[in-house]
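Asks: quick one: sequence and predicted model below, then my questions.
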Amino acid sequence: MLFLISLVIASAFVFLFKKPLKKHPYIFYAAAAVISYIVSAATLRGLPEFVNTYIIGMFSRGVMGTALWAVVMWTGALPNGSKSIKALMPVRGELSIIAAILTLGHNIGYGKTYFVRLFTDSARMTNEQIFASILTIAMLIIMIPLTVMSFPQVRKKMNAKLWKKIQRTAYLFYALIYVHVMTLFVPLAKLGRDGYFKSVLIYSVVFISYAVCRVRKWYILRKKPETRKILNAVCVSSFAVLAAFPCVNAGISTPHNTVHADNRTVYIAEIPTNTVTAPTKSEVSTEAPIVSIETSSETTVTQTMATTIASEEAEVSVTETTALTTTEISTQEEVTIEEETVTETGPATEMETVTEHEQVYVYKNGTYTAKAYGYDGDVEVTITIENDVITNITGNTYESDPWYFDEAYGPVASQILSSQSTDVDSVSGATYSSEAIMSAVAAALDSARS
């Protein structure tokens, strides 16, 4: 739906500002550059979700740039002499420059993550992400020269035939935009993500209908058919078939087993009741053994018992002399001594006592917050620690698409709480967000060390 909203805004912008745009284009170029910088380089936090989704997201995700490209490409498919083409054609070059600037901002913002990973860590990217990144590079190679040649100063210095020949690569650029969007959106629509099937449908209608209408216009101008009924029927049928394929593919759901977090900003994953308290630095073990004795006559047995006191610093063995007395023991009879009389050796009559060490904890009690970088933005978690146990975790994300965090947060937080460890399994399809949650919890634990 965001693309549909952007199309409406882009169309309104063109018809409201076409005269100022033609007269003072550099003001609009500068405004587009400022917007691109804000959404690609600046960190915007604490904004309402509506603003992030429908205003910031419109530019950061490249939707407005794509909507302007749609206006530019449809201008070439409109009938010659129509009112629409007369209004749009004079500012087509200026619109393409603005669209290119907004598209560059989108690619810089996402490229800092995906281009870097493509060349340094592609093994951890999904096939869709790799293919989409390669498509983006190809589109930039086409778009940048076309944008430069759209400036009147450059166009005047070029040969007209060469300029027109190079401009025809724009058709390939438009096709790559559509393939790029379908590569990313169809898998998400198959997972049942809200709104993505509608987006696949809207993009397909806009781009495939453009392709059909552009071919129809070319055929009419070249062949000049006497009747257009058959041509129109072929165009309608072609559109229906071409548009149906991605939509049907997107409508085939894929089994999805991951658990959604209830609310990524306030969701608290409580520690399960069967969680074992984390080990402390000092533990004391004083288990007395059970002794079995075989004898053939009355015997007084003296046994030395070892009581081991375990601590983190050293192991100390304390040996006590224990007198075990048995009477009237039959031959080959097994005797289990349950009561022991402890006799001090030496002149002292006062018994020594072993004092247990006071418990020393690794982490300080309290709440601790830390951040880690996810798939294209920071993930922030806050943990609560009580007696070396993580009792709850809350999380939030500053990634452009919070869906990945929502997919990862519930399962990862639950695993961390149940195992009391950050070495847990990541969620398939949300690997970077999963690892960011683990890293943020680990960083919070480090800050809580005594």
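Replies: Nice, I can see it.

Asks: quick check: Ser84 vs Pro90, distance?
Replies: Distance, Ser84 to Pro90, using CB to CB, to the nearest Å: 12 Å. Every residue, glycine included, has its C-beta placed from N, CA and C.

Asks: could you list the domains of this structure?
Replies: Annotated domains of the chain cover 2-251, 269-279+361-447, 281-357 [automatic domain parsing].

Asks: could you look over the ones you listed and pick the most buried one?
Replies: Among the domains of the chain, domain 269-279+361-447 has the highest mean neighbour count (mean count of other CB atoms under 10 Å), at a mean of 19.

Asks: quick check: mean pLDDT of it?
Replies: Averaging pLDDT along domain 269-279+361-447 gives 83.

Asks: and it, how far out from the chain's middle?
Replies: Between the centre of domain 269-279+361-447 and the centre of its host chain there is 14 Å, according to CA atoms, centre = their mean, to the nearest Å.

Asks: ok, now stretch 138-148?
Replies: 29 Å.

Asks: returning to what we had before: which one of the domains of the chain has the lowest average pLDDT?
Replies: Note on these: domain 281-357 shows the lowest mean pLDDT, a mean of 39.

Asks: burial measure for Ser450, as a count.
Replies: If you count neighbours by other CB atoms under 10 Å, Ser450 ends up with 10.

Asks: what residues are up against the residue lying closest to it once chain neighbours are set aside?
Replies: Distances taken as CB to CB, 6 or more residues apart in numbering place Lys364 nearest to Ser450, at 5.5 Å, with adjacent residues excluded. Counting by CB atoms under 8 Å, 6 or more residues apart in numbering, Lys364 touches Ile385, Ala448, Arg449, Ser450.

Asks: 10 Å instead, please
Replies: Contact partners of Lys364, counting by CB atoms under 10 Å, 6 or more residues apart in numbering, are Ile385, Asp388, Ser447, Ala448, Arg449, Ser450.

Asks: now swap in Val179 and tell me
Replies: Counted by CB under 10 Å, 6+ apart, Val179 has contacts Phe131, Ala132, Leu135, Ala138, Met139, Phe207, Pro246.

Asks: got it, and Leu445?
Replies: Val362, Tyr363, Tyr368, Ala370, Ile383, Ile385, Ile390, Thr422.

Asks: all the strands of the stretch 301-450 of the chain, in order from the start?
Replies: According to DSSP state E, counting those that start in this stretch, the stretch 301-450 of the chain carries its strands in the segments 315-325, 335-337, 341-342, 366-373, 378-386, 389-397.

Asks: how about the contacts of Leu445 in JSON lines, adding distance to Ala175?
Replies: Output for the contacts of Leu445, formatted as JSON lines (distance: CB to CB, whole Å):
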{"residue": "Val362", "distance to Ala175": "58"}
{"residue": "Tyr363", "distance to Ala175": "56"}
{"residue": "Tyr368", "distance to Ala175": "50"}
{"residue": "Ala370", "distance to Ala175": "44"}
{"residue": "Ile383", "distance to Ala175": "48"}
{"residue": "Ile385", "distance to Ala175": "55"}
{"residue": "Ile390", "distance to Ala175": "51"}
{"residue": "Thr422", "distance to Ala175": "45"}
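
Asks: for those, work out which two are farthest apart.
Replies: Taking CB to CB as the measure, the contacts of Leu445 span a maximum distance of 16.6 Å, between Val362 and Ala370.

Asks: ok, for Asn90, nearest residue in space, not its chain neighbours?
Replies: Actually, residue 90 is Pro rather than Asn. Pro90 sits nearest to Lys22 (CB to CB, 6+ apart), 5.9 Å away.

Asks: next up, identify which helix or strand that neighbour is on.
Replies: Per DSSP states H and E, Lys22 falls inside helix 2-23.

Asks: now for that helix, which elements pack on it?
Replies: Contact analysis of helix 2-23 by 3 or more CB pairs under 10 Å, 6 or more residues apart in numbering; DSSP states H and E lists helix 25-40, helix 57-60, helix 63-75, helix 83-88, helix 92-120, helix 196-223 as its packing neighbours.

Asks: with respect to Ala443, which of these lies nearest?
Replies: The closest of the helices and strands packed on helix 2-23 to Ala443 is helix 92-120. By CB to CB, the value is 19.8 Å.

Asks: who's in contact with Ser426?
Replies: When contacts are counted by CB under 10 Å, 6+ apart, Ser426 touches Arg124, Ala408, Pro411, Val412, Gln415, Tyr432, Ser433, Ser434, Glu435, Ala436, Ile437, Met438.

Asks: same check on Thr169?
Replies: By CB under 10 Å, 6+ apart, the contact list for Thr169 reads Ile141, Ile142, Met143, Pro145, Leu146.

Asks: how far away is it from Leu135?
Replies: Counting by CB to CB, the gap from Thr169 to Leu135 is 15 Å.

Asks: look up phi and psi at the nearest residue to Asn387 once chain neighbours are set aside.
Replies: Spatial nearest neighbour of Asn387, excluding adjacent residues (CB to CB, 6+ apart): Tyr361 at 6.3 Å. Dihedral pair for Tyr361: phi -100, psi 150, per degrees, to the nearest 10.

Asks: quick revisit: just the contacts of Val179 now: which is nearest Ser400?
Replies: The shortest approach to Ser400 among these belongs to Ala132, at 14.5 Å (CB to CB).

Asks: which element, helix or strand, includes the closest one?
Replies: Here Ala132, judged by DSSP H and E, is contained in helix 127-149.

Asks: downstream of that helix, the next helix or strand is which one?
Replies: The element immediately downstream of helix 127-149 (helix or strand, assigned by DSSP H and E) is helix 152-157.

Asks: can you give the contact residues for that following helix?
Replies: Identification of contacts with helix 152-157 by CB under 10 Å, 6+ apart yields Pro25, Gly93, Glu94, Pro145, Thr147, Val148, Met149, Trp163, Gln167.

Asks: so who does the closest residue to the second one other than its chain neighbours touch?
Replies: By the measure of CB to CB, 6+ apart, the closest residue to Gly93 outside its immediate chain neighbours is Ser150, 4.4 Å from it. The neighbourhood of Ser150, defined by CB under 10 Å, 6+ apart, consists of Val72, Arg92, Gly93, Glu94, Leu95, Ser96, Ile97, Ala99, Ala100, Trp163, Gln167.

Asks: what's near enough to touch the closest residue to Gly105 other than its chain neighbours?
Replies: Nearest residue to Gly105 in three dimensions, chain neighbours excluded: Ser36, at 2.5 Å (CB to CB, 6+ apart). Applying CB under 10 Å, 6+ apart to Ser36 gives the contacts Phe59, Ser60, Gly65, Ile101, Leu102, Thr103, Leu104, Gly105, His106, Asn107, Ile108, Gly109.

Asks: so what's the fifth one closest to, chain neighbours aside?
Replies: Residue nearest to Leu102 in three dimensions, not counting chain neighbours: Gly65, with 3.7 Å by CB to CB, 6+ apart.

Asks: quick one: which of the contacts of helix 152-157 is nearest Ser400?
Replies: Ser400 lies nearest to Thr147 out of these, by CB to CB, at 24.1 Å.
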